[in-house]
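J.: Sequence and predicted model, in that order:
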Protein chains: 2
Amino acid sequence: MFFDELFYILRHYVKNRPCAGHLIFERFGVSTNTVAEKLELRSSELTRSERQLCDVILQNYPASGLGTITSLAEAAEVSTPTVARLVQKLGFSGFPGFQRALRAELNEKISSPLTKRASWVDDAPEDHILNRFTKAVIDNIGQSMAKIDPKEFALCCDLIGDPSRKVYVIGGRITRTLADYFFLHLQVIRDDVVQITSSSNAWPHYLLDLKANDIVVIFDIRRYENGTLKLAKMARERGAEIILFSDQWMSPVAEHATVSYSSHIAVPSAWDSNLTLMLMSEIVIAEVQERDWEHTQSRMEALEDMFDRTKLFRKF
Amino acid sequence: MFFDELFYILRHYVKNRPCAGHLIFERFGVSTNTVAEKLELRSSELTRSERQLCDVILQNYPASGLGTITSLAEAAEVSTPTVARLVQKLGFSGFPGFQRALRAELNEKISSPLTKRASWVDDAPEDHILNRFTKAVIDNIGQSMAKIDPKEFALCCDLIGDPSRKVYVIGGRITRTLADYFFLHLQVIRDDVVQITSSSNAWPHYLLDLKANDIVVIFDIRRYENGTLKLAKMARERGAEIILFSDQWMSPVAEHATVSYSSHIAVPSAWDSNLTLMLMSEIVIAEVQERDWEHTQSRMEALEDMFDRTKLFRKF
DNA sequence: CCTCCACTGAAGATTTTTCTTCAAGGCCCT
DNA sequence: AGGGCCTTGAAGAAAAATCTTCAGTGGAGG
């Protein structure tokens, strides 16, 4: 870059006036916040071994700076006092201060801009329940998504989309509503979808029909229910593949499941949020539907037609 | 929260079946290399405070683990020996070893994609359905929240929390599941909550009971259902206050509603997302519950007691 | 070639961090 | 209701980190 050239030329002249580069940038309102920026800007004032050190820091930034001062010194083949001097030159009180700055930066970078957003509802203070709750939910989504393995997701959609397998859906006391939601959509997409009622008395009838390679989709978050686990065991014994939507602490059903999703569910409330679970089900539904769109489309049209005839919906 | 208490009790029983998750992952040949994975997989073996610590580490991963053991301990509100014990449990020789692993990971992750965290699921391209869908959902949440008036929200919670008013909950073909979810929670918080069945044949019976000042909570998104509108009209004529959870295009019910929420529901799918609606209901529930926590708490305890007796939930 | 000055690292001093021990507290089971 | 086991954190010991001092080194300029 030609700025580098410029800097090189300027270096001699500004050498005796430290912070010169710094000042120039400040004048243009460019904040020199990150450590990397500080290093680059003040590189002109650095000595040979400091420059060498600087290169190493920037080489694999910021990890190299997060070890001990000794390891960094060794990696750069300089002495520890050189490192100490450099970080002081950059304006930090010492090496720990320098590391603090690096960690703070890392946090900024890792968390996406959306999770940093403090306020979602205008006209409401940051600590209003609306904002606190929404923030928690966004965090939950972010963390849950980060844990998903796309391969596992693909496998899950393959299984659920496979027309040769019958799909059973079941939930617990609260998650029943999610199971219901999932079922309602899946029912439109494909044939052979069954919702297992919550009453465990009826389970044997369903298990009777269950064939090897059929799918059992289970929603189970804390507090994990005894019955659900038993059902999972029995289904697995009969050769069914189990797909589990659970929370971050993982239902014991996971042991028997082919695919498990762990969604974060903690929110500032006496209850847990089922939101991320719903997100996962919606995405799975969207993908399964997409895989065989033509088929789904014809089914949806047929459904529309039937709705029209029953005049259930509003026609404008 | 009191579920945590419960968990603590349950822990002993689950404890002797470690690695449940571990085994699953092994089955798929997924190596358990990263610290985060190790933490998640072995979470079943962790004690209460270790779990607490584990959550904090994963919360802002990996930065939190890169400071001193003391700072991490303080952040998690546990003692330093607890931290030391946890990292040893994970198989590291000590805290420095743990940090080394974290830094190594960081290098891996940072080096490959030049870190623009536009995607939510690592290891999946930005245009993968997982990322596209999640992005759309976050957008929906942001836009829906921006439209909320805190005063209206407060009014809504006042109404729903008012014990002198009976609350009726109803949804449509799909939103029925949300109504169900809302009902299940509200039912724990307060007395006099009724879920109106979807079958419109039964509606006259409910309307018969409806008194002036009672609340009717309606979930209605496109395609808006004829019946729901008729019900709203009749309820309003009998002096009921209507609270509507609808989509961005607003159900015609809004005309009769005291409070209306419009949630954005468009996602890259053949269906609409009910996620923001669920978010709204969860927040309303959280706030109503908070208003009279003592009352709710006693009801929840009574409920717990009954669950215990029916042995519905896992105790071993 | 010599002198001076700035840079550099070895070594020790100092501070901080990490680890270990041990006693208190809680919970379960008999 | 008491014994035993597990978990937890306070406190101090051990280890490691960081910082400081100071002498040696190399290069620039005279």
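T.: Thanks, I have the structure now. Owing to the predicted nature of the structure, the values given are computational and were not obtained by experimental measurement. Residues are numbered from 1 along each chain as shown, chains lettered A, B, ... in the order given.

J.: wait, A:Y168 sits on A:L207?
T.: No: judged on CB atoms under 8 Å, A:Y168 makes no contact with A:L207 at a distance of 9.2 Å. All C-beta spots, glycine's among them, are computed from the backbone N, C-alpha and C.

J.: got any residues that touch both of these two?
T.: Counting by CB atoms under 8 Å, 6 or more residues apart in numbering or on different chains, the shared contacts of A:Y168 and A:L207 are A:A235.

J.: So for those two, which sits in the more crowded spot?
T.: A:Y168 (25 against 17; other CB atoms under 10 Å in any protein chain shown).

J.: what's the closest non-adjacent residue to A:L53?
T.: A:A76 (4.2 Å; CB to CB, 6 or more residues apart in numbering or on different chains).

J.: Let me see the contact set for the one you found.
T.: Contact analysis of A:A76 by CB under 8 Å, 6+ apart lists A:49, A:52-53, A:55-57, A:82-83.

J.: Kindly write the ChimeraX command that selects the buried subset of these.
T.: Those of these that count as buried under 16 or more other CB atoms under 10 Å in any protein chain shown are selected in ChimeraX with:
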select /A:49,53,56,57,82,83
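
J.: Of all the residues in the stretch 101-250 of chain A, which one is nearest DNA strand C?
T.: A:R103 (12.4 Å; CB to the nearest atom of the strand).

J.: Need the CA coordinates for the helix or strand hosting that residue. PDB is fine.
T.: According to DSSP states H and E, A:R103 maps onto helix A:95-110. This file holds the C-alpha atoms of helix A:95-110, laid out as PDB (Å, rounded to 0.1, in the frame of the first residue of the first chain):
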ATOM      1  CA  PHE A  95       1.500  -6.600  29.800                       C
ATOM      2  CA  PRO A  96      -1.600  -7.600  31.600                       C
ATOM      3  CA  GLY A  97      -3.300  -4.300  30.600                       C
ATOM      4  CA  PHE A  98      -2.300  -5.100  27.000                       C
ATOM      5  CA  GLN A  99      -3.900  -8.500  27.300                       C
ATOM      6  CA  ARG A 100      -7.000  -7.100  28.700                       C
ATOM      7  CA  ALA A 101      -7.400  -4.800  25.700                       C
ATOM      8  CA  LEU A 102      -6.900  -7.800  23.400                       C
ATOM      9  CA  ARG A 103      -9.500  -9.800  25.200                       C
ATOM     10  CA  ALA A 104     -12.000  -7.000  25.000                       C
ATOM     11  CA  GLU A 105     -11.400  -6.700  21.300                       C
ATOM     12  CA  LEU A 106     -11.900 -10.400  20.900                       C
ATOM     13  CA  ASN A 107     -15.200 -10.200  22.600                       C
ATOM     14  CA  GLU A 108     -16.300  -7.300  20.400                       C
ATOM     15  CA  LYS A 109     -15.300  -9.300  17.300                       C
ATOM     16  CA  ILE A 110     -16.900 -12.600  18.300                       C
END
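
J.: tell me the average confidence for that helix?
T.: Regarding helix A:95-110, the rounded mean pLDDT is 86.

J.: hmm, who's touching that helix?
T.: If you take CB under 8 Å, 6+ apart as the criterion, helix A:95-110 is touched by A:34-35, A:62, A:65-66, A:69, A:83-84, A:87, A:90, A:92, A:116, B:60-63, B:66-67, B:106, B:115, B:117.

J.: Of the residues you listed, which belong to helices?
T.: Mapping the contacts of helix A:95-110 onto helices (DSSP state H) picks out A:35, A:69, A:83-84, A:87, A:116, B:106.

J.: Narrow those to just the buried residues.
T.: Using 16+ other CB under 10 Å, the buried members of the ones in helices among the contacts of helix A:95-110 are A:35, A:69, A:83-84, A:87, B:106.

J.: if we can go back for a sec, of the ones in helices among the contacts of helix A:95-110, closest to DNA strand D?
T.: Of all the ones in helices among the contacts of helix A:95-110, DNA strand D sits closest to A:I69, with 2.9 Å by CB to the nearest atom of the strand.

J.: how far away is the nearest residue to the closest one once chain neighbours are set aside from DNA strand D?
T.: Leaving aside its sequence neighbours, A:I69 sits nearest to A:F95 (CB to CB, 6+ apart; 4.7 Å). The gap separating A:F95 from DNA strand D is 3 Å, by CB to the nearest atom of the strand, to the nearest Å.

J.: Counting neighbours, what do you get for A:F95?
T.: Counted with other CB under 10 Å, residues neighbouring A:F95 total 18.

J.: Kindly report the same for A:G239.
T.: With other CB under 10 Å as criterion, A:G239 counts 11.

J.: Return the member of the ones in helices among the contacts of helix A:95-110 nearest to A:M306.
T.: Set against A:M306, the nearest of the ones in helices among the contacts of helix A:95-110 by CB to CB is A:K116 (47.4 Å).

J.: Mind pulling up the pLDDT for the closest one?
T.: Per-residue confidence (pLDDT) for A:K116: 60.

J.: Kindly report the same for A:Y168.
T.: A:Y168 is assigned a predicted lDDT (pLDDT) of 96.

J.: Quick one: residues contacting the residue of chain A found nearest DNA strand D.
T.: Going by CB to the nearest atom of the strand, DNA strand D is nearest to A:G94 of chain A, at 2.0 Å. A:G94 makes contacts with A:84, A:87-88, as judged by CB under 8 Å, 6+ apart.

J.: Out of those, flag the one nearest to B:L159.
T.: Proximity of those to B:L159 (CB to CB) peaks at A:V87, which lies at 58.8 Å.

J.: out of everything not next to it in sequence, what's closest to the closest one?
T.: Using CB to CB, 6+ apart and skipping residues adjacent in sequence, the residue nearest A:V87 is A:F98, 4.1 Å away.
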